[in-house]
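> from the sequence below, what's the structure:
(one chain, ligands or ions: 1)
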Amino acid sequence: MDYKTTLTVCPYCGCGCSFYLETVDGRLTGTLPNAAGPVNMGKLCVKGWNVHEFVQSPRRLKSPLLKKGGELTRAGWDDALDYAADELKRIVKEHGPDSVAFLASAKISNEDNYVLQKFARAGVGTNNIDHCARL
Ligand code: SF4
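Take a look at the predicted model:
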């Protein structure tokens, strides 16, 4: 049995709590808070304590879904991105830039978040942008 712990940072919000992910034979099995973490000092909220569960969940989405005939069906990334871009353009053209909104993520880099707000403001023309880490 190969047991390992890997120090990392929680992906769920912008607080930046750190913890050790436990793995047994390459499979995630648990989360241990980092007592030396300057932000969380050995504590985690319920999301952090259970962070290892979503990675191997059979319910995790691994490909895009498009609704066809009222049913969600698996789609390729090119088809899903083309559909999203076409619909975004159509909605903005028909209803104006403030008819859409953008939700950024704590799970992407600051640079990616910057690009998204720039796209929303300068590209689409709306200030409707928010972030999941704004707790
Ligand atoms: S407060 Fe909870 S969700 Fe946010 S970084 Fe810490 S453990 Fe993760």
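> switch to C-alpha atoms for all contacts and neighbour counts from now on
Noted.
> His131 against Leu103, yeah?
Yes: between His131 and Leu103 there is a contact at 5.4 Å, judged by Cα atoms under 8 Å.
> residues in contact with the residue nearest the centre of the chain?
Closest residue to the average C-alpha location of the chain: Lys107 at 4.7 Å, with Cα atoms, centre = their mean. Contacts for Lys107 were tallied using Cα atoms under 8 Å, 6 or more residues apart in numbering; they are 11-13.
> around the ligand, which positions in this structure sit nearby?
10, 12-17, 44-45, 47-48 (Cα under 6 Å from any ligand atom).
> which among the residues you listed end up buried?
Buried residues within these, counting neighbours by 16 or more other Cα atoms under 10 Å: 10, 12-14, 16-17, 44, 48.
> sort the contacts of Lys107 by pLDDT and name the bottom one.
Among those, Cys13 has the lowest pLDDT, at 80.
> how about the secondary structure of it?
coil (DSSP: H, G, I helix; E, B strand; the rest coil).
> distance of it from His131?
Using Cα to Cα, to the nearest Å, Cys13 is found at 10 Å from His131.
> who touches both of the two?
Common neighbours of Cys13 and His131 (criterion: Cα under 8 Å, 6+ apart): Ala106.
> the helices in the protein, which residues?
46-49, 77-95, 110-118 (DSSP state H).
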